[in-house]
Structures are given as C-alpha cells and as structure tokens.
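Trainee: Here's my sequence, what's the structure:
(one chain, ligands or ions: 1)
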Amino acid sequence: MNKREFLKTLSLISVGLAVSSKSFAKTAPKFPAALSLDSGKDGFKLPELGFAYDALEPNIDAKTMEIHLTKHHAAYVKNLNDALKDSKLKGIIIEDVLSAIKENDTAIRNNGGGHYNHTLFWKLLFPSKSRVPVGNLAKAIDAKFGSFYKFKELFANESKNRFGSGWAWLSLDKENQLFVSSTPNQDNPLMSQIVSQKGFPVLGLDVWEHAYYLKYQNKRVDYIKGFWEVLNWEVAEERYNQWLAKK
Ligand code: MN3
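Mentor: Here you go, the predicted model:
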C-alpha cells in the first residue's frame, strides 16, 4: 500500500468509525438487566406474593389481595404473553418491552404495564419497620420536596386527582431527580414513547377501584392513608440506591 492508498484507507476507517458511533448514539440505552422485574425468558410469569393475603390487614384486606393477584394480575400476564406471541419484543426484559412500545400498541401497553406495575406494587407492600422514608431516599425526598409531609401531600393529591383508573408514581428522571406523577390505566414512567413524564419508578400506587373497592368503596383518600401504613420504605430505598449505582 502506498502513502496515498494508506491515507485513503485511513479516511475510510474514520468515516466508518464516525458512522458507527453515530448509530450507537441513536440506539436507546437498554435497561440494566440486574434491575429488571421480569426477564421475559420463557414468557412472563405471575410472581409470588412472598406474604399471606391477610398480612396487610386491616389496611388492605385479604380478599382484595387474593383477587387482585390471582385474577387481575394473572390476566395481565396471560394477555401479555398472548400479545407477544408473534412479536419481535418476545423474550426480552419487561422494561425494554415498555420502552419500545408506542401509543397504538394497545395490548402490550395495557398488559405489559399491568404486569410491571403490579409486580412492583407487590414488592413494595409489606408492613415495614419504618413508617417514614429511610436512608438516602429520605434525604433525597427532603431535599426535593421540603419534607416527607410535603411529599406525602403531593403524592396523595396526584393519587386522588387521577380521574378514573391509573397509578401514582415517585420516580427518578434522567438527571436522577425525584418527581411525582400519575398515569392513566396501566401506563407508567418507563413507557418513554408514550408518557410525558419519563423515568425510573421508585414506588407506585395502584388507584384502580379494584385495588380498594371491597374495603373502602369510593373512599380513595382512606385507601391512600392505608397505603402509607403498609408501604415498605426499605424496598423503595433499595430501588433508589440501585438505580443511582447502576453502570
Ligand atoms: Mn391493580
């Protein structure tokens, strides 16, 4: 190779490198697998509750827990697996499914959201040693919202004012700042091509009537009060720390 050919080859290599780094930059970062709630390997699965249906009494009643898991959540899992049968999204982690879908992917949106949201919700529920946030998350809540009391008020308002069915969230945005939001139906902050407030959910509250109607009927506000009694702040803090420590 003479000098001219060498320079030509070199410039072709640099063009190639520029193109590949550009296309790499365009690729959405994939969710860290270690933080995933369901790998999707061999299909999505209904998780184990890890506690008895009556463990959250009197704040959430046993019958509601049983129906919520074995009927509602089980249906989301079944319908999600059916919807993914011939999809290119089959076999990937649930978080990557949610970030890939668009507004009109109705079946995967509703059932994928339903599966993720409930899997997270069960993990967050269990009588915690602490009724208030702990550790780094407690500090971040104080810094962002002024106090735990103010955060609680904001979160309760978001939950109460969500018209019809949906969820309230505490999440981290792309600058790792906490924010409170709510979404309709089974949408969540991981659906980056659908929702306006995108992020990683640290905690979420199901405000569908099926989550509280048997015990609280139309009194959503009382159900929200009950939620604070059974929310496991240790789990929320662990999620917060894991997200900030992710590679
Ligand atoms: Mn539900």
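Trainee: For the closest residue to the ion within the chain, which non-adjacent residue is spatially closest?
Mentor: Distances between the chain and the ion by C-beta to the ion are smallest at Asp206, namely 4.2 Å. Placement of C-beta: from N, CA and C, glycine included. Spatial nearest neighbour of Asp206, excluding adjacent residues (C-beta to C-beta, 6 or more residues apart in numbering): Phe121 at 5.5 Å.
Trainee: Any idea how many residues pack against the one you found?
Mentor: Residues lying near Phe121 (other C-beta atoms under 10 Å) number 19.
Trainee: What residues sit buried inside the helix or strand containing it?
Mentor: Following DSSP states H and E, one finds Phe121 within helix 106-124. By neighbour count on 16 or more other C-beta atoms under 10 Å, the buried set for helix 106-124 is 108-124.
Trainee: likewise stretch 190-209?
Mentor: 190-191, 194-195, 198-208.
Trainee: Straight-line length of stretch 68-88, end to end?
Mentor: 29 Å (C-alpha to C-alpha, to the nearest Å).
Trainee: from the middle of its chain, how far away would that stretch be?
Mentor: Counting by C-alpha atoms, centre = their mean, to the nearest Å, stretch 68-88 is centred 17 Å from the centre of its parent chain.
Trainee: Can you mark which positions in it are buried?
Mentor: For stretch 68-88, by 16+ other C-beta under 10 Å, it's His68, Leu69, His72, His73, Tyr76, Val77, Asn79, Leu80, Asn81, Ala83, Leu84.
Trainee: Which per-residue confidence value corresponds to the last one?
Mentor: With respect to pLDDT, Leu84 has a value of 97.
Trainee: For the closest residue to it other than its chain neighbours, which three-state class applies?
Mentor: Distances taken as C-beta to C-beta, 6+ apart place Lys90 nearest to Leu84, at 4.5 Å, with adjacent residues excluded. Secondary structure assignment for Lys90 (DSSP: H, G, I helix; E, B strand; the rest coil): coil.
Trainee: Can you report how many residues neighbour Lys90?
Mentor: With other C-beta under 10 Å as criterion, Lys90 counts 14.
Trainee: In contact with the nearest residue in space to Asn59 that is not next to it in sequence, which residues?
Mentor: Among residues not flanking Asn59 along the chain, Gly226 sits closest, at 3.6 Å (C-beta to C-beta, 6+ apart). Under the criterion of C-beta atoms under 8 Å, 6 or more residues apart in numbering, the neighbours of Gly226 are Pro58, Asn59, Ile60, Tyr212, Tyr216.
Trainee: picking that back up, what's the helix holding Phe121 packed up against?
Mentor: Contact here means 3 or more C-beta pairs under 8 Å, 6 or more residues apart in numbering; DSSP states H and E; on that basis helix 106-124 packs against helix 74-84, helix 94-100, strand 200-206, helix 233-245.
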